[in-house]
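S.K.: Quick one: sequence plus predicted model below, questions after.
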Amino acid sequence: MSSKKRSIADQGRLILIDLLLQVSNLLLRIVRWVLWPRRPRTPPARICIYRIGNVGDTVCAIPAFWSIRQTWPAAKLTLLSSPGPLHLAGAREVVGNESWIDETIIYASQDLTHPGTLWRLIKELRAHQFDLWIELPTVKAPLVRYFRNMVFARVVGARYGIGWRKTLLTLWPALQSEAKVHPNEVQRLLSLLEAEGLPVKTSGWDIWNHKDDQETARRLLADARAAGRPLIAIAPAGKLKIKSWFTDRWAEVVRDLDRLGCHCVLLGGSGDRSQCDDIAQRAGCRVTNLAGRTTIPQVAALLRHCRLLVCVDSGIQHIAALAGARCVTLTVARDIRGTWYPEGDHLVLERRVPCHTCLLDTCPHDQLCMKEITVDDVKEAVRNMLGVLRSEGLRRTAGGRSSLMEEVIEIGEPPLP
């Protein structure tokens, strides 16, 4: 009886979530109509795309950026972004050298709290005289931020604005993970554009193809490629500790890949160098440690030489997806399921523990969901993916088509400690 009551209560919660989303979007449409009562009849000449966040947030927005560029090829495209504190990587590192984005304006999060720096930013943006402001909001942005950003776009003189549509509420997140299917961030952002009537591009984007980055990748991999072994990229670290796996387990995976006849290339930022050194030392086999030695475009070029990327939930999985590399991703179970899965054909290892979808940055259960992903789970997933890639190569040679669908491997459910 109690189970039935919970089921009925959960159904009521899901209905309430859908209702609140509808009400939220109705209010957003009303406010937008008040701020911009008339839609322009001529194509925009100057467009501002507003997308904040770090590496993963920016990379997931690239298909949306590319769709906007293809829709208005003659427009001047300005990307306005903030990584939060300026020492963190973000839009400048991801798309700073791409010629199809005309300009990138970066501000620090603290700039919005100081009247002087805020006024300078407003004056700079007003000078651009944007015909169109396109908001690509982060997935968990609160509704009040949508209204604030709409008013800000109007204050800086944008003649029209689009993109403010709420797609997710963080009410009862565990229930949503279990009962609802959510698009990943790439698809969510493309759906925002589709809702505004824009055609979207799901492939064919031109990104990270500079010859100097490709040459740097070839030089960094020269010794590794000389041995003639398949290259497997390993990216063991994420920005948050809650997303990390464990050094001794990574070392065991690297040893197993070496026994399979593969050569591992360790990737990461400068802060990950010591962990990668430790993994290499514990593995006791020949590896190439490139952590802290590459830019993001160079990482993309490196991944195009690798058979596979094995990583935790971090920005590099999204770089690999756009660069055309396959991933085996070890995903922390803190987010609403599916929202940060990489785009395309990949394997995602995720432990559905009782405390899943906590939305926390710090784990109170000593990383239970990551601990429950075992070395054997990762070995099996890697072997399965390598087998799929091998069979796809054979089918392509025979002129056939490959069609691996994204698969999420759920491992059992342990009790809370």
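M.R.: That came through fine. Numbers count the residues shown, from 1 in each chain.

S.K.: Now stretch 9-29: buried residues?
M.R.: Within stretch 9-29, the residues that count as buried by 16 or more other Cβ atoms under 10 Å are 14, 17, 21, 24, 25, 28. Where you see a C-beta, it was placed from the backbone N, CA and C, and this is true even at glycine.

S.K.: ok, now stretch 381-389?
M.R.: Those would be 381, 382, 385, 386, 388, 389, for stretch 381-389 by 16+ other Cβ under 10 Å.

S.K.: pLDDT (mean, whole number) over that stretch?
M.R.: Average pLDDT, stretch 381-389: 93.

S.K.: Other residues contacting that stretch?
M.R.: 232, 253, 256-257, 260, 307-308, 310, 326, 328, 347, 349, 404, 409 (Cβ atoms under 8 Å, 6 or more residues apart in numbering).

S.K.: same thing but at 10 Å, please
M.R.: 230, 232, 253, 256-257, 260, 262, 307-310, 326-330, 345-349, 373, 402, 404, 407, 409 (Cβ atoms under 10 Å, 6 or more residues apart in numbering).

S.K.: give me every residue that touches the closest residue to residue 172 other than its chain neighbours.
M.R.: Leaving aside its sequence neighbours, residue 172 sits nearest to residue 13 (Cβ to Cβ, 6 or more residues apart in numbering; 5.1 Å). Counting by Cβ under 10 Å, 6+ apart, residue 13 touches 171, 172, 175, 176, 179.

S.K.: what helix or strand does residue 379 sit in?
M.R.: Taking DSSP states H and E as the criterion, residue 379 maps to helix 375-397.

S.K.: where's the residue positioned nearest the centre of the chain relative to residue 175, distance?
M.R.: Nearest to the geometric centre of the chain sits residue 56, at 3.7 Å (Cα atoms, centre = their mean). Separation of residue 56 from residue 175 (Cβ to Cβ, to the nearest Å): 25 Å.

S.K.: Report how many residues lie close to residue 243.
M.R.: 23 (other Cβ atoms under 10 Å).

S.K.: Spit out the contact partners of it.
M.R.: If you count contacts by Cβ under 10 Å, 6+ apart, then residue 243 has 237, 311-314, 330-332, 334-335, 340, 361, 363, 367, 369-370 around it.

S.K.: And residue 379, by the same measure?
M.R.: Per Cβ under 10 Å, 6+ apart, neighbours of residue 379: 252, 253, 256, 257, 260.

S.K.: Which of those fall in strands?
M.R.: Taking DSSP state E, every one of these sits outside strands.

S.K.: Any of those residues buried? List them.
M.R.: So, by 16+ other Cβ under 10 Å, the buried ones in the contacts of residue 379 are 252, 253, 256, 257.

S.K.: Nearest spatial neighbour of the second one, chain-adjacent residues omitted?
M.R.: The spatial neighbour of residue 253 that comes closest, neighbours along the chain excluded (Cβ to Cβ, 6+ apart), is residue 378 at 5.4 Å.

S.K.: for the stretch 151-300 of the chain, what spans make up the helices?
M.R.: 173-179, 185-195, 211-220, 222-226, 247-259, 273-283, 296-303 (DSSP state H, counting those that start in this stretch).

S.K.: just the stretch 301-417 of the chain next, same as before
M.R.: Using DSSP H, counting those that start in this stretch, helices in the stretch 301-417 of the chain cover 315-323, 368-371, 375-397.

S.K.: what does the domain assignment say about this structure?
M.R.: 2-195, 211-411 (automatic domain parsing).

S.K.: Which of the ones you listed sits closest to residue 204?
M.R.: domain 2-195 (7.9 Å; Cβ to Cβ).

S.K.: what mean pLDDT does stretch 141-157 have?
M.R.: Averaging pLDDT residue by residue across stretch 141-157 gives 97.

S.K.: in that stretch, what's buried?
M.R.: 141, 143, 145, 146, 149, 150, 152, 153, 154, 156.

S.K.: of all these, which two lie farthest apart?
M.R.: 143 and 156 (21.0 Å).

S.K.: Give me the mean pLDDT for the strand or helix carrying residue 31.
M.R.: Taking DSSP H and E as the criterion, residue 31 maps to helix 2-35. Mean per-residue pLDDT for helix 2-35: 90.

S.K.: now that helix: how far from the chain's centre is it?
M.R.: Relative to the chain's own centre, helix 2-35 is displaced by 26 Å; criterion: Cα atoms, centre = their mean, to the nearest Å.

S.K.: cool, stretch 356-366 as well?
M.R.: 19 Å.

S.K.: need the contact list for residue 274.
M.R.: 247, 268, 291, 292.

S.K.: Fine by me, thanks again.
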